[in-house]
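J.: Sequence below, structure please.
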Amino acid sequence: MSEIIISDKVSAVAKRDIVDLNQKINAFNTGDTPEEVFRKFRLTRGVYGQRQPGVQMIRIKLPYGRITADQLVRIADTSDKFATGNLHATTRQDIQLHFVKLSDSPQLWADLEDAGITLKEACGNTIRNVTASSIAGIDPDEPFDVTPLTHSIFTYFLRNPINQDMGRKFKIAVSSSEKDTALAFIHDVGLIAKMGVNAAGETVKGFKVLIGGGLGAQPFSAQTAFEFLEEKDVIPFIEALLRVFDRYGERVRRHKARMKFLLNDLGLEDMLAKVEEERTAVKNKVFEIPEDLFGTKEVESINYADRPSLSESDILKIAAESIDADKLDNFTKWLRTNTFEQKQKGWYAVQLRVLLGDMNSNIARSLADVVRRYAADDIRVTVNQGYLLRFVKGEDLVAIYHELAKLGLAAPGFDSTMDITTCPGTDTCNLAISSSYGITRVLEDVMRDEYPEMIYNQDIKIKISGCMNGCGQHNACNIGFHGSSVKNGKLVLPALQVLLGGGFTGDGVGLIGDKVIKVPTKRGPEALRMLFDDYEKNAYDGEYYNQYYQRQTKNYFFQLLKPLADLSTVSDDDYRDWDHDELFKTEIGVGECASVMVDLVATTITEGQEKLNLAKENFESGVWADAIYHAYNVFITGAKGLLMTKDVNTNTQYGIINDFETHFGQDFEYETPAEFALAEKAATPFKSLVFSINKFEPTEQFATYFISTADKFLNFVRYTRETQLAETGEPALQELSFGKDS
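T.: Predicted coordinates for the structure are as follows:
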């Protein structure tokens, strides 16, 4: 087993996670752990299999995209040491490293944790990175800074037992204003900051709460759960909602396992009623958000007092002193499109447009130096794969422009039409069908050369994904493309599915785009030209693109682009994808985001024991609610294991308990103290036991009863399985080993 060097700055829980990952890698390499079991484990540690065999993508979890200059340097150094020297920013404000050896991932994690950066729950069926408006705290339109709440959500649910083994991933976004700059409308939970009035008649902070949004092959816009929910009630609501999703959500059919489908099946009213049933058992009935969280405290301690604002003409006068007249136009474009004055008067934000979201490690280290000299030590990765620097003095804008230009980070048009969002596509992803990077480069070149004014257009957003799953958020923009293919006789062409009308309308409402037509990918540039030229020619003065799309209707655009879908005129080049010389063929692997159902009884018993150990550890620490939920998962896991022996496949945790009641429930006997007895126990003893989790407060007394009963239940599962094997003459039960120290 390779030795991992972990510094004293790493927390005990993180150190344990890193050592655990190393042990399980060794158990996998020696054949002691099946591949599917190990895959499920490593994904929740940010280790994601690439398209290329033998290497991993490492997803670094950066809550609300925040990093310091030192952390950026650490990520760059880590990429040089273990990856390719590239930092890829994602639409979830993460940074990804590619082509990492599996054996290197524990040390990579240890090096990052030393700088306060985690991989925990960056992938897998967990709460993914909690995103937020990158301009939170400096947004001129915000009613208050959402950074403290976002950070609290991240810390509250990190390693929380209710989201360690859900049916599918869960995404949360927090927007700083009604402009919804964090795209709350496409998330499982979306929060939009607003002020409201509480029951006492006081004006308080709160949020509009959206639930059940999502992209992928079947995209849904989120539904409004609350027009206003007080800030202190947000985290308890999310916890209760997660408990419902965990219990009732689909676990077998991956394509139906997201929150949006559960909400669609139950309906909003029934969903919220089930959430209310969980209120008794949540850890905190209210959760007051601290105002001195890392991020807010730093700004307050530096005391960025208001300064005199500088007009554009003032800044241009400063620029004229050091920029040649023939180059002043470039600076002016950058000033107008990549900077804005913050809500703190006299301070400016600088936004960096980054092609494909990729930044070389040397550039990243140099950028960190620029931040130290000219900005607050608070860099934000943005949802459109760029970076945002905060608290730059107006008189320093010219100097920081010079430094950024040297690094190739002063391209104008941040978050404009010309600033395309894209996923890596077939460069690294198993699920991708065609090249996202290639078509993105080409389309940005077309706009730069033929439509240069698009750097000023903030209405039309373009996003590209390599497949229908939507990592590039192609459903949530005005003009979207996702990778596809189309047959022409015996041959296959790479294609683009064109989507229109998504993203925001002129009044700020978020919409899901319509699939309009599929065209060969090499005709993507011409499709873009046709869309731009048509809009320029026929739109009313001041008409937003989505308003124009809705006025003309989907069929109008289908007819407009239909000639490009004609395969009778394809050339040899159409059979080759962008950035590729070879003939195209579809090569799709197994998606790493899939919910892995373990089909070995021994594995489930091992998992049950691990969860029982966690229950006891949390009990010893006095965290009763977490201890109880870990014990609940012992019941679920053990019941699932025995149902496998009867070839009973159940889609949900709720179904597992019902089916176990039918096949085994009468066999498991337990005693219930009078204070925890339920009226329905006599009829359905096992179901009554397990579902008592949301009937009582999470006290020490209930935790004691529930954990001890879970312990007895796991022994019952072992005994039952050993009896089955003895009756059939099969080998004795051998629980899986994850390493001698686990």
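J.: Low-confidence stretches in the stretch 1-150 of the chain?
T.: Along the stretch 1-150 of the chain, the model assigns pLDDT under 70 to residues 1-2.
J.: Please enumerate the strands of it.
T.: Here the stretch 1-150 of the chain has its strands, by DSSP state E, counting those that start in this stretch, at 47-49, 56-60, 66-67, 86-89, 95-100, 131-132.
J.: Take those strands and write them to TSV, including mean neighbour count and distance to E278.
T.: For every residue, glycine as well, the C-beta is placed using N, CA and C. Below are these laid out as TSV (neighbours: other C-beta atoms under 10 Å; distance: least, C-beta to C-beta, whole Å):
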stretch	mean neighbour count	distance to E278
strand 47-49	24	31
strand 56-60	25	30
strand 66-67	24	31
strand 86-89	24	36
strand 95-100	24	34
strand 131-132	31	25
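J.: Adding distance to L567, write these out as JSON lines.
T.: Shown next, in JSON lines, are the strands of the stretch 1-150 of the chain (distance: least, C-beta to C-beta, whole Å):
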{"stretch": "strand 47-49", "distance to L567": "34"}
{"stretch": "strand 56-60", "distance to L567": "35"}
{"stretch": "strand 66-67", "distance to L567": "47"}
{"stretch": "strand 86-89", "distance to L567": "34"}
{"stretch": "strand 95-100", "distance to L567": "35"}
{"stretch": "strand 131-132", "distance to L567": "40"}
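J.: Let me see the confidence value for P731.
T.: You'll see P731 listed with a pLDDT of 64.
J.: related to what we said a few turns ago, who wins for proximity to N384 among the strands of the stretch 1-150 of the chain?
T.: strand 86-89 (9.0 Å; C-beta to C-beta).
J.: helices and strands around that closest one, which ones?
T.: helix 69-82, strand 95-100, strand 358-360, helix 361-374 (3 or more C-beta pairs under 8 Å, 6 or more residues apart in numbering; DSSP states H and E).
J.: again, 6 Å this time
T.: On a contact count with 3 or more C-beta pairs under 6 Å, 6 or more residues apart in numbering; DSSP states H and E, strand 86-89 meets strand 95-100, strand 358-360.
J.: out of those, which comes closest to E250?
T.: strand 95-100 (27.6 Å).
J.: what's in contact with stretch 527-541?
T.: L443, Y451, V519, Y548, L561, L564 (C-beta atoms under 6 Å, 6 or more residues apart in numbering).
J.: that older thread, need the helices and strands packed on strand 86-89 in TSV (columns: distance to Y48).
T.: Output for those, formatted as TSV (distance: least, C-beta to C-beta, whole Å):
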stretch	distance to Y48
strand 95-100	8
strand 358-360	17
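J.: Nearest residue to V244 in space, please, no chain neighbours.
T.: Spatial nearest neighbour of V244, excluding adjacent residues (C-beta to C-beta, 6 or more residues apart in numbering): K274 at 4.7 Å.
J.: What is the strand or helix carrying that neighbour packed up against?
T.: K274 is located in helix 268-277, with elements delineated by DSSP states H and E. The helices and strands touching helix 268-277, judged by 3+ C-beta pairs under 6 Å, 6+ apart, are helix 234-248.
J.: Which neighbouring elements make contact with the helix it packs on?
T.: Right, helix 234-248 is packed against helix 268-277, helix 653-663 by 3+ C-beta pairs under 6 Å, 6+ apart.
J.: Alpha carbons only: can I get stretch 446-456 in CSV?
T.: Output of stretch 446-456 as CSV, limited to C-alpha atoms (Å, rounded to 0.1, in the frame of the first residue of the first chain):
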residue,chain,number,x,y,z
VAL,A,446,-17.2,33.0,-36.9
MET,A,447,-18.5,35.6,-34.4
ARG,A,448,-15.2,37.3,-34.0
ASP,A,449,-14.6,37.6,-37.7
GLU,A,450,-18.2,38.2,-39.0
TYR,A,451,-20.2,39.4,-36.1
PRO,A,452,-17.8,41.4,-33.9
GLU,A,453,-20.7,43.4,-32.3
MET,A,454,-21.8,40.2,-30.5
ILE,A,455,-19.3,41.0,-27.7
TYR,A,456,-21.8,43.6,-26.6
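J.: can you start the count at 55 instead of 1 from here on
T.: Yes, from this point I'll number from 55; that puts the last item at stretch 500-510.
J.: Run the chain-centre distance for that stretch.
T.: On the basis of C-alpha atoms, centre = their mean, to the nearest Å, stretch 500-510 sits 31 Å off its chain's mean C-alpha point.
J.: With stretch 77-88 instead?
T.: Relative to the centre of its chain, stretch 77-88 is centred 28 Å away, using C-alpha atoms, centre = their mean.
J.: List the buried residues of that stretch.
T.: Neighbour counts over stretch 77-88 (16 or more other C-beta atoms under 10 Å) mark Q77, K78, I79, N80, A81, F82, D86, T87, P88 as buried.
J.: Restricted to helices, list these.
T.: Judged by DSSP state H, the buried residues of stretch 77-88 include Q77, K78, I79, N80, A81, F82 as members of helices.
J.: Compute the first-to-last residue distance for stretch 173-191.
T.: 25 Å (C-alpha to C-alpha, to the nearest Å).
J.: To what extent is N592 buried, counted in neighbours?
T.: Number of residues near N592 (other C-beta atoms under 10 Å) recorded here: 12.
J.: State the pLDDT value of it.
T.: Predicted confidence (pLDDT) for N592: 97.
J.: mind checking how far it is from E375?
T.: Note on N592: its distance to E375, by C-beta to C-beta, to the nearest Å, is 45 Å.
J.: V496 now?
T.: Taken as C-beta to C-beta, the span from V496 to E375 is 38 Å.
J.: All good on my end, thank you.
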